[in-house]
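In: return a 3D structure for these sequence lines:
(one chain, ligands or ions: 1)
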Amino acid sequence: MNNSILKSDSIEVEFNGRKILQGVYLECRQGEILGLLGRNGCGKSTLLKVIYGTVNGTHKYVSIDDQFVHKGYLNNQIAYLPQHHFLPNGIKMRTLAKQMVDPEHWDEFSAYPVYRDHQHKTTTGLSGGEWRQLEMLMTLYSKARFILLDEPFTHVSPIQVEEIKTLILARAKTRGIIITDHYYKHVLEVSNRLLLLNNGYTKMIANRDDLVTYGYISE
Ligand SMILES: Nc1ncnc2c1ncn2[C@@H]1O[C@H](COP(=O)(O)OP(=O)(O)OP(=O)(O)O)[C@@H](O)[C@H]1O
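Out: Got it, this is the predicted structure:
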């Protein structure tokens, strides 16, 4: 496997005079899952959007293999599952999937019951959880080498959470994945490395005790 590396450096974001991110650095290699934790409103989604290219910030440097990436969403470089629904209404799942999913993995993707059973529907005919699962599958099976997942375990039932974890681990064999979710135990389970975002800065987390030390969880 080509072991590409995504780096984001000196990320600074300010909203209405309030600094959200201050000189944030992170890197993620293909074949690795990086877990990103942090309290509500600390800037996790903002950081993912900066990497994806939909938020600019006051300063940012994002690169893949040291090549500057201005808009990660272009040319299938980076895929992003946002916190909220993103698949447009009025278009059938099959049409959307044909655009998003890597043809090399089409057979694997299209065998998922949630796709098989709902491929001829638009978002109007789906439950919130089915909609979320399809968005996640299409993101994880996209052509992008790097995948950003914002709260993938939210709005899905426990049995599906287990399936999603298995799928994330399988896709990480050939992708670099950055994942954030408040179900931190699931994040801990799938991640190779962990970062905590706190007061605009990232801290490396070695184990659960560090999360207590930094006040993310209680004893
Ligand atoms: N476009 C925006 N304009 C102004 N403020 C914003 C904007 N986007 C986010 N914020 C603020 O920036 C802060 C960080 O938001 P962000 O969504 O990145 O946090 P988060 O860590 O993902 O939170 P949560 O875990 O609750 O989803 C919040 O205080 C939020 O209100």
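In: going by C-alpha atoms from here, please, whenever you check contacts or count neighbours.
Out: Fine.
In: quick one, what contacts the residue nearest to the spatial centre of the chain?
Out: In the chain, the centroid-proximal residue (Cα atoms, centre = their mean) is residue 149; its distance is 1.6 Å. Taking Cα atoms under 8 Å, 6 or more residues apart in numbering, we find residue 149 in contact with 80, 81, 82, 177, 178, 179, 180.
In: residue 58 reaches residue 14, doesn't it?
Out: Yes - Residue 58 is in contact with residue 14 according to Cα atoms under 8 Å; the separation is 6.8 Å.
In: mind listing what residue 190 touches?
Out: 33, 165, 168, 169.
In: which strands or helices does the helix or strand containing the second one pack on?
Out: It stands for residue 165. Here residue 165 sits within helix 158-171, counting by DSSP states H and E. Judged by 3 or more Cα pairs under 8 Å, 6 or more residues apart in numbering; DSSP states H and E, helix 158-171 is in contact with helix 184-190.
In: so is whatever helix or strand comes next after the helix it packs on next to the ligand?
Out: Downstream of helix 184-190, the first helix or strand assigned by DSSP H and E is strand 193-198. No - using Cα under 6 Å from any ligand atom, strand 193-198 never reaches the ligand; the gap is at least 8.0 Å.
In: so which elements touch strand 193-198?
Out: strand 33-37, strand 201-205.
In: angle of that strand against strand 33-37?
Out: 20 degrees (axes from the mean of the first three to the mean of the last three Cα atoms, to 10 degrees).
In: hang on, isn't residue 150 packed against residue 45?
Out: Yes - using Cα under 8 Å, residue 150 makes contact with residue 45 at a distance of 6.7 Å.
In: what is in contact with the two at once?
Out: Both residue 150 and residue 45 are contacted by 82, 83, under the criterion Cα under 8 Å, 6+ apart.
In: of these two, who's got more company?
Out: residue 150 (23 against 19; other Cα atoms under 10 Å).
In: what bridges to that one?
Out: Beta-bridge pairing for residue 150 (DSSP bridges): residue 180.
In: next, the contact list for it, please.
Out: 45, 48, 80, 81, 82, 83, 179, 180, 181.
In: surely the first one is in a helix?
Out: Right, residue 45. Yes - counting by DSSP: H, G, I helix; E, B strand; the rest coil, residue 45 is located in a helix.
In: which residues in the chain form helices?
Out: 44-52, 93-100, 106-110, 113-118, 128-140, 158-171, 184-190, 208-213 (DSSP state H).
In: which bits of the protein sit near the ligand?
Out: Residues of the chain lying close to the ligand (Cα under 6 Å from any ligand atom) are 15, 20, 39, 40, 41, 42, 43, 44, 45, 46.
In: could you find the closest non-adjacent residue to the last one?
Out: In space, and not counting its chain neighbours, residue 46 is closest to residue 55: 7.1 Å by Cα to Cα, 6 or more residues apart in numbering.
In: so, low pLDDT: which residues of this protein?
Out: For the chain, residues meeting the criterion pLDDT under 70 lie at 1-2.
In: pretty sure residue 76 sits against residue 144.
Out: Yes - assessed by Cα under 8 Å, residue 76 is found in contact with residue 144 at 4.6 Å.
In: and these two? which has more neighbours close in?
Out: Neighbour count, other Cα under 10 Å: between residue 76 and residue 144, residue 144 has more, with 22 against 14.
In: farthest pair within the contacts of residue 190?
Out: The largest separation in those, counting by Cα to Cα, is between 33 and 165 at 11.2 Å.
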